[in-house]
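K.L.:
when you get a sec, could you give me coordinates for this:
(one chain, ligands or ions: 1)
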Amino acid sequence: MLIVLDEVDSTNTWAKEHFFELADGTVVAALEQTAGRGRLDRVWRSKAGRSITLSALFRRVSAGFHAGAIVGLAALEVIRALAPETEIYFKWPNDLYFADRKLAGVLSEGVVRQGELAGVVCGIGINLNQTEKELLEIGAPACSVYTISGRKNGVKKVIKALEKSITECYINYCNYPEKVLARFRAENRLIGTEVELVGATGEVFRARFRDLDADGGMVIERGGRIERFDCGDVRIVVPPETANQCPVTGGNNEE
Ligand code: BTN
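P.N.:
Model prediction:
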């Protein structure tokens, strides 16, 4: 089921408030989000007509990070159809990147009832139609489907395509969870590369990203030791191969 709200503070907050009234797999989108939230208590900025802001609720995921994998893979499929000439990949935990710029962010939040995990609300914000100038307001390196493909798309059309893709991916997950998780791992193109990590207390260090573990944490190697990293930020040292890409950077269509 798809619900499209004209305006809401945050689709994640709305979906959590209505979690027990809504059917499993419901997708809630907003044409305008006034108080979007990101990971690590950050603000997620979006403007009407410029970005996709939606959340899906799942009752049948066996681990919180699986929700991010489902929504992320669904978004990857939709974005690849809109910008087929570009190379999009996951940056841990499940941001979508083009080269060293963020295209979309995912926020998964557990819903607990009587001390038990009842499900997960997973929201995604996708930069869709912003120009280079508008992206500067985000304050961190970012791109939009428009800046990487040179094409603008209608928000309602993309919301519908994403809802369809999330529903398909969720059904696949419910039937063959391992297949969906293997695809998610394969799209994490920074695995095997050297990354810079910013820990929860702000410490910065370099390590090799070895793998994802069963809980979605990073298995890293630093100083010859294998460790786990599951809270903080990843910075890209060298973006995955970008050889066959032909990015458009807003070009003559700047507003
Ligand atoms: C991040 O990159 O930090 C995650 C951003 C998640 C933003 C989306 S927009 C839809 C949903 N509602 C929210 O308030 N946040 C998520």
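K.L.:
and the strand or helix carrying Ile148, what other elements does it pack with?
P.N.:
Taking DSSP states H and E as the criterion, Ile148 maps to helix 145-149. The contact analysis (3 or more Cβ pairs under 8 Å, 6 or more residues apart in numbering; DSSP states H and E) places helix 145-149 against helix 64-82. C-beta coordinates here come from the backbone N, C-alpha and C atoms, glycine included.
K.L.:
can you name the next helix or strand after the helix it packs on?
P.N.:
Criterion used, DSSP H and E; the element after helix 64-82 is strand 88-91.
K.L.:
next one: that next one to chain centre, how far?
P.N.:
9 Å (Cα atoms, centre = their mean, to the nearest Å).
K.L.:
could you point out which element follows it?
P.N.:
For strand 88-91, the following helix or strand on the C-terminal side (DSSP H and E) is strand 95-98.
K.L.:
which neighbouring elements make contact with that next one?
P.N.:
By 3+ Cβ pairs under 8 Å, 6+ apart, strand 95-98 packs against helix 64-82, strand 88-91, strand 101-113.
K.L.:
quick one: contacts for the residue of the chain at minimum distance from the ligand?
P.N.:
For the chain, the residue closest to the ligand is Gly105, as judged by Cβ to the nearest ligand atom, at 2.0 Å. Applying Cβ atoms under 8 Å, 6 or more residues apart in numbering to Gly105 gives the contacts Gly38, Arg39, Trp44, Asp95, Leu96, Ile124, Gly125.
K.L.:
now do the buried residues in stretch 215-222.
P.N.:
Residues of stretch 215-222 classed as buried by neighbour count (16 or more other Cβ atoms under 10 Å): Gly216, Gly217, Met218, Val219, Ile220.
K.L.:
stretch 34-45 too?
P.N.:
Neighbour-count burial for stretch 34-45 [16+ other Cβ under 10 Å]: Gly36, Arg37, Arg39, Trp44, Arg45.
K.L.:
cool, and stretch 47-62?
P.N.:
Residues Arg50, Ser51, Ile52, Thr53, Leu54, Ser55, Ala56, Leu57, Phe58, Val61 are the ones in stretch 47-62 that count as buried (16+ other Cβ under 10 Å).
K.L.:
ok, stretch 1-12 next?
P.N.:
Residues of stretch 1-12 classed as buried by neighbour count (16+ other Cβ under 10 Å): Leu2, Ile3, Val8, Ser10, Thr11, Asn12.
K.L.:
re earlier: mind checking which of the buried residues of stretch 215-222 land in strands?
P.N.:
Met218, Val219, Ile220 (DSSP state E).
K.L.:
contacts with the ligand among those residues, please.
P.N.:
Applying Cβ under 6 Å from any ligand atom, the subset of these adjacent to the ligand is empty.
K.L.:
which one of the residues you listed sits closest to Glu77?
P.N.:
Met218 (23.9 Å; Cβ to Cβ).
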